[in-house]
Every structure is written in structure tokens, then in C-alpha cells.
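Colleague: 3D model of this:
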Amino acid sequence: MTVSPRRRFALVGAGSDAGWYLVVGDGRDHRLIQEPVLTKLSVGCEVLTCTVEERNLFSAATGWQDGCRLWSVTYDGEEIPGQVATEGDLPFAFAGIHRDFTAKAQAEDAGDLLLDPLFEIAVELVRHATGYRPDQPNPGFDGRFVLLEAINPTLWQRLFGG
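Modeller: Model prediction:
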């Protein structure tokens, strides 16, 4: 079954031409992006998360490898507008992305923008690594999304506790 990632399903997934496997879920509290799951899921591989909630001006990205969170970038425009919180050993691309979006936020016409440019930093960091952005065409992923919910429920419960 092929579905659009923009439809509201529990989880859909797609492989990319660059070797990433993307899983799209709904909500920043989804159990798939909670620490216990990511600790298990990242053993032996690299996992990136990206959370986007435009209505709450919230975006976040994390990088995991071998069961450990390596870094995180969070923007919470409702709680702490104008600040990007970071932790860990950030990817090399972060410095340039942060510089570019901070300059946009400080530009004279920044007040005319729909979203604070700092909101974009986490999203752009993941796009830089994977080639995927939820608000743009993604030729490396498009047309390949499948519903994941029904795949091997026993394995799903063992991995994700549900």
C-alpha cells in the first residue's frame, strides 16, 4: 500500500536513494521518538529524529548512535522565543545552518515572516543529512511511503512496548 506521508496515519515509512529509512509519525510525544525506544533502535546504526509543530512553534532534532544520544537541537517559540537550545557534539553542518538562519531572524524584514527562522534550524539540519524536509518536494523519498502499523505486531510490541 502506498500512501502520502502527509496523511494522518500512526506511522508511514520510506527508503531513500541515499540509504536512509524515514519513518513519519504524528506528534512530538510519539513513543517512537522517546528515549527508551531510540536507545534500542540506534544500536548498530545512526538514527536522526525531527519533530515539527508549526502551530506551537516547536521544532527539534536529535542524533543517536549505538544506543546513545549524541546531540540535540530544540526551538520552542512559545516557551523561549528567539533561542535555540543545543546539547552534545553537534554535526559539522550545524554551525553554517545556525549562522544563516540567525542572520535571517535578525534581518530588518524578519517580522514579516510567518515563522521565526530559528524554527527552521532543526528541520534544516536533518534535511542536510537525509535529504528530507516535510514542507518541500523530496525526490529521494516521494512515492515510496507505506503504512507501517500492521507490520509484524509481535516485533513491534517487543521493540516499542505497545
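
Colleague: Count the residues that sit near residue 123.
Modeller: Residue 123 sits with 24 neighbouring residues when counted by other CB atoms under 10 Å. Glycine gets a C-beta too; all of them are placed from N, C-alpha and C.

Colleague: Where does it sit, in terms of helix or strand?
Modeller: helix 120-130 (DSSP states H and E).

Colleague: now do residue 37
Modeller: For residue 37, the element it lies in under DSSP H and E is helix 35-41.

Colleague: Relative to residue 68, how far out is residue 131?
Modeller: 24 Å (CB to CB, to the nearest Å).

Colleague: which of those two has more neighbours?
Modeller: residue 131 (17 against 12).

Colleague: right, and that one touches residue 141 too?
Modeller: Yes. Using CB atoms under 8 Å, residue 131 makes contact with residue 141 at a distance of 7.4 Å.

Colleague: anything in contact with each of the two?
Modeller: residue 16 (CB atoms under 8 Å, 6 or more residues apart in numbering).

Colleague: got the buried residues for the helix ranked longest in the chain?
Modeller: Of all segments of type helix in the chain, defined using DSSP state H, the longest is helix 93-106. By 16 or more other CB atoms under 10 Å, the buried positions in helix 93-106 come out as 94, 97-98, 101, 105.

Colleague: next one: stretch 18-25
Modeller: So stretch 18-25, judged by 16+ other CB under 10 Å, has buried residues 20, 22-25.

Colleague: hang on, the earlier thing: pLDDT on the helix holding residue 123, on average?
Modeller: Mean per-residue pLDDT for helix 120-130: 93.

Colleague: Kindly report the same for stretch 70-83.
Modeller: Averaged across stretch 70-83, pLDDT comes to 90.

Colleague: chain center to that stretch: distance?
Modeller: 13 Å (CA atoms, centre = their mean, to the nearest Å).

Colleague: now stretch 124-136
Modeller: 8 Å.

Colleague: three-state assignment of the closest residue to residue 38 other than its chain neighbours?
Modeller: Closest residue to residue 38 apart from its sequence neighbours, by CB to CB, 6 or more residues apart in numbering: residue 64 at 5.1 Å. Secondary structure, DSSP: H, G, I helix; E, B strand; the rest coil: residue 64 is strand.

Colleague: got a pLDDT number for residue 64?
Modeller: Reported pLDDT for residue 64: 94.

Colleague: do residue 6 as well
Modeller: pLDDT at residue 6 comes out at 48.

Colleague: residues in contact with the spatially most central residue of the chain?
Modeller: The centroid of the chain falls nearest to residue 50 when counting by CA atoms, centre = their mean (1.2 Å). Listed by CB under 8 Å, 6+ apart, the contact partners of residue 50 are 59-61, 122-123, 126, 134.
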